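A.B. asks: sequence? don't have it. structure:
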């Protein structure tokens, strides 16, 4: 194995009785890579991350971090990792500063090193105004910041992040992604998220898992091209109101434009796009092997129509993701008996989502209690 390989998984399989939560998963992540780890709920993402971070053992297969086996040398593996689960297990009665100091001591940082690292992570995570607050007083977004700070406190070369931006507002999310790009120059990052735009913004490569198997692994451009089809957007002038029409003859009718576009060789499908009354807009599907833009332009020029827009797109990452994982969604919507093995694996993969709901309900109860208290106080003031 190359010394540049920071995360190595080979044939990882995790069984719960007859059910396979992971089925022969293999991949590598090299030094300096930021890799998006994608898949629908229950696909095996969290199971894989828990194996890599030494929380559970695989049924079979091998996993190594910086060349160390995840269960032969767990302490060496954990010292190399910064791990942020989807819902970090924070000690709510501690202040932010106390929790960061505790996290540093667990990782054997001396006091001077802790103070130096604390200054860095507080700035990175925006916690300067929250250091003296108890974690129980923080919003979900700020708790997520604290979880990220503990993952960074020991300056690890590898970060494994599970939905790190799930509770951040748009500004916080943008800042975090910018930070990821910076640290990706000298760290290795495995980023699990459901937000595909985040992957496109921060990652050059993605791994997609579905039903416990890797269904795609490679640069984003290669994954987008997996469908073998591209998309063209064409807009043709229909009416200009008071401005004279500058094409030949009269403005084209909708049926005339659709018929002409459908007649082009290589066009597989034509869909009308919503637009105002001044233009006809269409989405064309064609094969990746041929660029249809010259033919589309020549057709419109020969007709004497006014071309307003013509551009070519490969499939979006979201389109390809849906094609590769649509079987998971269909399976989730089918009603049938649930085996104990299936239920156990699903609980293993989705228990953090349940924690999210419980915490939301707890926060709602706290808000309700606070409102009731305020109401009682107001009533007492009115009586006085």
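C.D. replies: Yep, that arrived. This structure is a prediction, so every number in the text was calculated from the model and none was measured.
A.B. asks: tell me the contacts of residue 311?
C.D. replies: 232, 233 (C-beta atoms under 8 Å, 6 or more residues apart in numbering). For glycine as for every other residue, the C-beta is placed from the backbone atoms N, C-alpha and C.
A.B. asks: where in the stretch 251-384 of the chain is pLDDT low?
C.D. replies: Counting by pLDDT under 70, the stretch 251-384 of the chain contains low-confidence ranges at 289, 314, 327-384.
A.B. asks: now with 50?
C.D. replies: Within the stretch 251-384 of the chain, the stretches with pLDDT under 50 are 356-357, 368, 370-371, 373, 375, 380-384.
A.B. asks: In it, what residue spans correspond to strands?
C.D. replies: 267-272, 279-287, 307-314 (DSSP state E, counting those that start in this stretch).
A.B. asks: who does the longest one touch, helix- and strand-wise?
C.D. replies: Packed against strand 279-287, as judged by 3 or more C-beta pairs under 8 Å, 6 or more residues apart in numbering; DSSP states H and E, are the following elements: strand 229-237, helix 254-262, strand 267-272.
A.B. asks: and the first one with strand 267-272, angle?
C.D. replies: I take that to be strand 229-237. 50 degrees (axes from the mean of the first three to the mean of the last three C-alpha atoms, to 10 degrees).
A.B. asks: Direction included, what does strand 229-237 pair up with?
C.D. replies: strand 279-287 (antiparallel), strand 307-314 (antiparallel) (DSSP bridges).
A.B. asks: Residue 72 and residue 30, how far apart?
C.D. replies: 22 Å (C-beta to C-beta, to the nearest Å).
A.B. asks: neighbour-wise, which of the two wins?
C.D. replies: With neighbours defined as other C-beta atoms under 10 Å, residue 72 and residue 30 compare such that residue 30 has more, 15 against 10.
A.B. asks: so that one makes contact with residue 5?
C.D. replies: Yes. Contact criterion C-beta atoms under 8 Å: residue 30 and residue 5 qualify, at 5.7 Å.
A.B. asks: who touches both of those two?
C.D. replies: Shared contacts of residue 30 and residue 5, defined by C-beta under 8 Å, 6+ apart, are absent.
A.B. asks: picking that back up, make TSV out of the helices and strands packed on strand 279-287 and add distance to residue 208 and mean neighbour count.
C.D. replies: TSV is the format used below for these (distance: least, C-beta to C-beta, whole Å; neighbours: other C-beta atoms under 10 Å):
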stretch	distance to residue 208	mean neighbour count
strand 229-237	18	19
helix 254-262	33	15
strand 267-272	24	14
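A.B. asks: Turn these into CSV, columns for distance to residue 95.
C.D. replies: CSV is the format used below for the helices and strands packed on strand 279-287 (distance: least, C-beta to C-beta, whole Å):
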stretch, distance to residue 95
strand 229-237, 52
helix 254-262, 64
strand 267-272, 56
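A.B. asks: Give me the contact list for the host helix or strand of residue 182.
C.D. replies: Assigned by DSSP states H and E, residue 182 belongs to helix 170-183. Under the contact criterion C-beta under 8 Å, 6+ apart, helix 170-183 has outside partners 34, 124, 126, 141, 145, 148, 159, 164-165, 168, 189, 191, 198, 201-202.
A.B. asks: quick one: contacts for the spatially most central residue of the chain?
C.D. replies: Residue closest to the mean C-alpha point of the chain, counted by C-alpha atoms, centre = their mean, is residue 193 at 2.4 Å. Contacts for residue 193 (C-beta under 8 Å, 6+ apart) come out as 36, 38, 163, 164, 165, 199.
A.B. asks: quick one: pLDDT of it?
C.D. replies: If you check residue 193, the pLDDT there is 86.
A.B. asks: quick one on the thing from earlier: out of the strands of the stretch 251-384 of the chain, flag the one nearest residue 325.
C.D. replies: Smallest distance to residue 325 across the strands of the stretch 251-384 of the chain (C-beta to C-beta): 18.6 Å, for strand 307-314.
A.B. asks: The closest one: how far from the chain's middle?
C.D. replies: 28 Å (C-alpha atoms, centre = their mean, to the nearest Å).
A.B. asks: Stretch 147-166: which residues count as buried?
C.D. replies: Judged by neighbour count (16 or more other C-beta atoms under 10 Å), stretch 147-166 contains these buried residues: 147-154, 156-166.
A.B. asks: how about residue 76, what does it touch?
C.D. replies: 66, 68.
A.B. asks: ok, now how distant is it from residue 65?
C.D. replies: On the measure of C-beta to C-beta, residue 76 and residue 65 end up 8 Å apart.
A.B. asks: just the strands paired with strand 229-237: most buried one?
C.D. replies: Most buried of these by mean neighbour count (mean count of other C-beta atoms under 10 Å) is strand 279-287; its value is a mean of 19.
A.B. asks: Now do that one: everything it contacts.
C.D. replies: Under the contact criterion C-beta under 8 Å, 6+ apart, strand 279-287 has outside partners 228-238, 252, 254, 257-258, 261, 266-275, 292, 296, 308-309.
A.B. asks: next one: stretch 99-114 to chain centre, how far?
C.D. replies: Centre-to-centre, stretch 99-114 and its host chain are 30 Å apart (C-alpha atoms, centre = their mean).
A.B. asks: go on, stretch 18-27?
C.D. replies: The chain centre lies 21 Å from the centre of stretch 18-27; the measure is C-alpha atoms, centre = their mean.
A.B. asks: and if you look at stretch 171-182?
C.D. replies: 13 Å.
A.B. asks: Next: stretch 135-145.
C.D. replies: Taking C-alpha atoms, centre = their mean, one finds the center of stretch 135-145 at 21 Å from the center of the full chain.
A.B. asks: buried set for it?
C.D. replies: 135, 138, 142, 143, 144, 145.
A.B. asks: Excluding chain neighbours, what is closest to the second one?
C.D. replies: Okay, so that is residue 138. Excluding the flanking residues, the one nearest residue 138 by C-beta to C-beta, 6 or more residues apart in numbering is residue 130, at 6.4 Å.
A.B. asks: check contacts around the one you found.
C.D. replies: Contacts of residue 130 (C-beta under 8 Å, 6+ apart): 96, 138, 142, 145, 146.
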